[in-house]
Structures are given as structure tokens and as C-alpha cells.
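Peer 1: here's a sequence, model it:
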Amino acid sequence: MNKTQFTKDSIEAAYCFFHQKWQVYAFSHSERQKDDIEYAISEYVNEMSPALYEALAQGKEGFLLTHSSFADDMKSAVKQLEEQL
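Peer 2: Residues are numbered from 1 along each chain as shown. I've put the predicted structure just below:
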């Protein structure tokens, strides 16, 4: 991921939000709570730096927006962002 395309602040903000939501999602037994988190992440994705989103997605269509791959996408996003801190 090339950090020069986006600010350190955008990386930190995305990491904080994604990490917090992932910690709840990963240990939740409530499908409704998981759905709410998926919705919150999709809303965040729509407002975040497009360059940062593209870097995280690495060309994957529907990254963080597809129910069936959401958990794997979140793990990947949190890991990538953590590496940039």
C-alpha cells in the first residue's frame, strides 16, 4: 500500500473505526449486530478516501461491501491499516 496517496490521518481514522467494529463483529453471536456493523462499514466506505479504499481493496470488487466475504475483507483491511501505522 502506497501511503503517499492518502494522509496518515485517514489511515488512523479508518484503522480506529475498522478495528473497533471488527472486535465487536468477530466475537458477536448476534446476526442483527453483525448486519448493523456491515451497514456501518459500508457507510464509512462510501465516505472514506477513495485512494485509501482502492489500496485496501487491491482490485477486489465489492471489498467490505459483500456479506459473504465481509469477515475476510475486514481482517485484511485491519491488517493492512495496522501495518501502515
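Peer 1: show the pLDDT at residue 45.
Peer 2: At residue 45, the model reports a pLDDT of 97.
Peer 1: hang on, it packs against residue 52?
Peer 2: No - taking contacts as CB atoms under 8 Å, residue 45 lies outside contact range of residue 52: 9.9 Å. (C-beta placed from N, C-alpha, C; glycine too.)
Peer 1: give me the low-pLDDT residue ranges for this structure?
Peer 2: Within the chain, the stretches with pLDDT under 70 are 1-4.
Peer 1: gap between the helix ranked longest in the chain and the chain center?
Peer 2: Taking DSSP state H as the criterion, the chain has its longest helix at helix 8-27. How far helix 8-27 lies from its chain's middle: 7 Å, per CA atoms, centre = their mean, to the nearest Å.
Peer 1: can you give the contact residues for that helix?
Peer 2: 3, 33-34, 37-38, 40-41, 44, 48-49, 52, 56, 71, 74-75, 77-78, 81-82, 84-85 (CB atoms under 8 Å, 6 or more residues apart in numbering).
Peer 1: and the angle for the next helix or strand after that helix with helix 8-27?
Peer 2: Next helix or strand after helix 8-27 toward the C-terminus (DSSP states H and E): helix 31-47. Using axes from the mean of the first three to the mean of the last three CA atoms, to 10 degrees, the direction of helix 31-47 lies 160 degrees away from that of helix 8-27.
Peer 1: how about helix 31-47: buried residues?
Peer 2: Neighbour counts over helix 31-47 (16 or more other CB atoms under 10 Å) mark 34, 37, 38, 41, 44, 45 as buried.
Peer 1: same question, stretch 11-31
Peer 2: Buried residues in stretch 11-31, counted by 16+ other CB under 10 Å: 11, 13, 14, 15, 18, 21, 22, 25.
Peer 1: okay if I get these as CSV plus distance to residue 65?
Peer 2: Below are the buried residues of stretch 11-31 laid out as CSV (distance: CB to CB, whole Å):
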residue, distance to residue 65
11, 20
13, 19
14, 15
15, 19
18, 13
21, 14
22, 15
25, 15
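Peer 1: distance between stretch 31-48 and the chain's centre?
Peer 2: 9 Å.
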